Each structure stands twice: as structure tokens, then as C-alpha cells.
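Engineer: Model the structure of this input:
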Amino acid sequence: MATNLTIEAFLQAKGTVVDVRSPSEHAQGRIPGSVNLPLFSDEERAEVGTLYKKSGRRRSVQHGLELVGPRLAQMGQQLLDLSASSQGELRLHCWRGGMRSASVAWLAETLDLNVLLLEGGYKHFRRWVLQRFELSWPIRLLGGGTGCGKTDVLMALAEAGGSMVDLEDLANHRGSSFGALGQPPQPSSEQFENRLALALEQQRGREPIWVEAESAQIGRCRLPQALFKQMQQAPVVVLQRPTQERVAALVDVYGPQDIGGLLDATERLQRRLGPQRTLEATTCIRNGDLAGACRVILEYYDRCYDHELSRRPPPLATIEVAGFAPKQVAEQLLALDAA
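Structural biologist: Here you go, the predicted structure:
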């Protein structure tokens, strides 16, 4: 018999998470790492739902059986394959922990597979996710102008045993007009929240939790309001790196990108850069002078950063990192934590 688990126990258990909702439901938002094994297609789900409203539960269930029946053998084989590759029991869920997950659990048990079910389904998981952002987290911000290498420092900090959450990695975006270049497609805002909640939960009990100072929106992914308020009030440590080093770092990151993408990203800044600076920057890009373009654009980003910094409490510390490798900066941050 399938075992029902609370969200905490479900997430901590081992085994493949199998989401039996429709493909569009799974695409919109899901438990990170889950595999979609839909009981119904999007069209079939709509049919069953419409029939439920018009003719009641019995008729809709009968129609659902008619749809699923011919696919039972195929679904059974898929469950066997998933079980064979899983490092624990199969963990199943649907939207509310209702008939869809119960039906697939029955099929799995018929094949002598052990199954864990999520009480309340994905709906309960989403409630748990939103509750994470209402909790108080020991956040410490890592600030510094564009090109200071904050992401690399966070990675080095984690490798050295520190605690951090990489917001830009979770959003698949570097947080500027150029931030999507070379990145995978961004998740939906819902999925970004799901990833962020689990990342925070993995750091529970550790402090401080370092995160990069970000605006409320990273690309199209918006930070949850409650968490962003905490970030605005959190102590910040500012990295200062010479412009020459910052330009070199930005050329390393964006130099391999397509010129068309660089031009589009620069032109999106025209309202803020102004026509003259936009023309100067795009001309540099067309001429292969990415360093020159970076210098022009950095003037704008530095003004924005200085404005944002002025709205926060005074920095906890300002660290000069000229010539420092990310590991060396991370060591300074860890020393600051221990002080």
C-alpha cells in the first residue's frame, strides 16, 4: 500500500519524484528534479474537467478510464524503468493528492513497486514554498559594481565551506540587459520560486547565508516580496575592484557571445544610456572593441549601483579586491563571518 507523507518527509525521502499532472502543469511549475509522467494530456485533462462540471464525478471518472485504459501497459513499463533507475522508492504526486496520483500509485503497486505519495499534492508544495519566504533568514549581501566577480566569489565561498544561494544561477540570468546571453531559458516565476525555496531550505541552520545584492527582478524572474524586503534590510559587504579588471572580466564573459545579441542588449539600454553613448557602445561592438563598449556601459551601471547602495544602510564592510582571485576574496568573507 502506498505511504502518504508530509511535504517535509516527502522532500527528504530518497527516490525519483514522479509528477503525474499534465505536461502544461508540469512546465509551469514543478518540484525541481521531478519527472513528468502525465496520466492525461492537456487536452484530455480539459475534457475530463469539463465533463465533471457538466455530468458529475461518475461520468468524468468513466471517461478518464476510457482514456487511460489503452495506455496502462505503457505507463506500467515507464514506472518499472523509473523504479529501476531510482535510488529509493518512487515518490508520486498530482495537483491535490487526489485521483490521478492514487490511480498511478495503484498501477505501481500492481507491479510490486513501492510508492510514496505527497499529501495534498503539488498544491501543498506550493503553499510550503511561499511559506519559506515569510521565514526570517540570516541573509548577508555581497555587493559591488558589475564585473567585480561576485558570482565567482560566491562559488568559491561555497567550495570553502561557506553558505550561499546563487540567485542568478536559479534564474538562469546574470541580472542585466545582457544577462540572458549564453544562458539556458529562464524558468517561469513560479518555478524560480520553487528552486529558490529549496535552495534556502538546504541552507537552514547555517549563517550567514550570502546572496548577491540584486534588484527585485532578475530577468523575468521576480524575487518574492517578503524575501526581497529581508534583502533590503540585510547587511552588505561591498567589493571594490579597479575598472580595468572589471572590464577584462566582462570581456571574458561576454566576448564569446554573438555580436547580434550584444547589440540588441545594448540598444535596449538606449533610454538610459542616451543616443550618443548607445551609438558609441554599439560602434565599439561592431568594431570588435568590446573593452571600449564595456567602459561606456559601465558608466551607466555604476550610477545605478551607487543609487541602489545609497538606499541601503551603510555597508558592513568594503573590501578592496584588486588582483585577488575569487578564493582569496572568499577567505576574507569567511574571516569576516568569524569575527
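
Engineer: which helix in the chain runs the most residues?
Structural biologist: If you go by DSSP state H, the chain has its longest helix at helix 290-310.

Engineer: Could you list the buried residues of that helix?
Structural biologist: L290, G292, A293, C294, R295, V296, I297, L298, Y300, Y301, Y305, L309 (16 or more other CB atoms under 10 Å). Any C-beta I mention is one placed from the backbone N, CA and C, and that applies to glycine too.

Engineer: Can you tell me which of the residues you listed is closest to T282?
Structural biologist: Ranked by distance to T282 (CB to CB), the buried residues of helix 290-310 are led by A293 at 7.6 Å.

Engineer: The closest residue to the closest one other than its chain neighbours is in what secondary structure piece?
Structural biologist: Once flanking residues are discounted, A293 sits nearest to C284: 3.9 Å by CB to CB, 6 or more residues apart in numbering. Here C284, judged by DSSP states H and E, is contained in helix 275-286.

Engineer: send the alpha carbons of that helix over as PDB?
Structural biologist: What follows is helix 275-286, C-alpha atoms only, in PDB (Å, rounded to 0.1, in the frame of the first residue of the first chain):
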ATOM      1  CA  PRO A 275      21.500  58.100 -28.000                       C
ATOM      2  CA  GLN A 276      25.100  59.300 -28.000                       C
ATOM      3  CA  ARG A 277      26.500  56.700 -25.600                       C
ATOM      4  CA  THR A 278      24.400  54.000 -27.200                       C
ATOM      5  CA  LEU A 279      25.900  54.800 -30.600                       C
ATOM      6  CA  GLU A 280      29.400  54.900 -29.100                       C
ATOM      7  CA  ALA A 281      28.900  51.500 -27.400                       C
ATOM      8  CA  THR A 282      27.400  49.800 -30.500                       C
ATOM      9  CA  THR A 283      30.100  51.200 -32.700                       C
ATOM     10  CA  CYS A 284      32.700  49.700 -30.400                       C
ATOM     11  CA  ILE A 285      30.900  46.300 -30.500                       C
ATOM     12  CA  ARG A 286      30.700  46.300 -34.300                       C
END
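
Engineer: Now do the domain split for the protein, please.
Structural biologist: 3-130, 136-338 (automatic domain parsing).

Engineer: Quick check: mean pLDDT of the first one?
Structural biologist: Translated: domain 3-130. The average of the pLDDT scores along domain 3-130 is 89.

Engineer: Can you give me the first-to-last residue distance of that domain?
Structural biologist: End-to-end distance for domain 3-130, by CA to CA, to the nearest Å: 25 Å.

Engineer: Contacts only, for the residue nearest to A293.
Structural biologist: C284 makes contact with L290, G292, A293, V296, according to CB atoms under 8 Å, 6 or more residues apart in numbering.

Engineer: Thanks a lot, see you next time.
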